[in-house]
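Trainee: build the 3D model from these lines:
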Amino acid sequence: YGVQTPIYFKNASAGYYSDFSDIENCISAVLDKVISSGMIYQVNTLGGKITDKEFAAKSAYAHRQYPFLSELQTYWEKPEQQEKYVNAFRDVQKIFSENNIRAQYINYPALEFENYTDAYYGNNYKRLQQVKLKYDEENIFRHAQSITLPE
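Mentor: Predicted structure coming up:
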């Protein structure tokens, strides 16, 4: 059932958008790279309660103002192909970053995101640091892009 070999892949958020004008200047370059590298670029629509501002102060989710969330995915068959596919992936991430697409979805993480605290949490980060202090003052739960304790 399923596959008996490893599945080699990388996926990450490719940004939030208000509308097409946010990506208009870079989408041709993105799609050229995505198509030539065999990647998947997916844009999801958001709505419903996710846009309800009432939840903003009670949630870690910082990007309620954006109706579009995108994801980038790449897959390869052999370990020796990793560098080629990951480099192409990073090229697309760089195109978005250079075009000011910086808000990212925490559940599609990537170590390459500059200023991950702002990318994932926006203005909520300082409040989330206080939550971290209250429930994990010894900093037991952590990883490379964790919410850090306040200084």
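
Trainee: can you give me the strands for the protein?
Mentor: For the chain, the strands defined by DSSP state E cover 8-17, 40-45, 68-76.

Trainee: give me the neighbour count for M39.
Mentor: 22 (other CB atoms under 10 Å). In this view, the C-beta of every residue, glycine as well, is placed from N, C-alpha and C.

Trainee: wait, it sits on S70?
Mentor: No. Using CB atoms under 8 Å, M39 makes no contact with S70, being 11.9 Å away.

Trainee: give me the common contacts of the two.
Mentor: Both M39 and S70 lack any common contact, where contact means CB atoms under 8 Å, 6 or more residues apart in numbering.

Trainee: please identify the most buried of the strands of the chain.
Mentor: By mean neighbour count, with neighbours taken as mean count of other CB atoms under 10 Å, strand 8-17 ranks first of the strands of the chain at a mean of 21.

Trainee: now for that one, which elements pack on it?
Mentor: strand 68-76, helix 82-98 (3 or more CB pairs under 8 Å, 6 or more residues apart in numbering; DSSP states H and E).

Trainee: what about A103, how many neighbours?
Mentor: Count around A103 with other CB under 10 Å applied: 21.

Trainee: residue contacts, A110?
Mentor: 12-13, 93, 104.

Trainee: sorry, back to before: want to throw the helices and strands packed on strand 8-17 into TSV with distance to H143?
Mentor: Listed next are the helices and strands packed on strand 8-17 as TSV, based on distance: least, CB to CB, whole Å:
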stretch	distance to H143
strand 68-76	20
helix 82-98	20
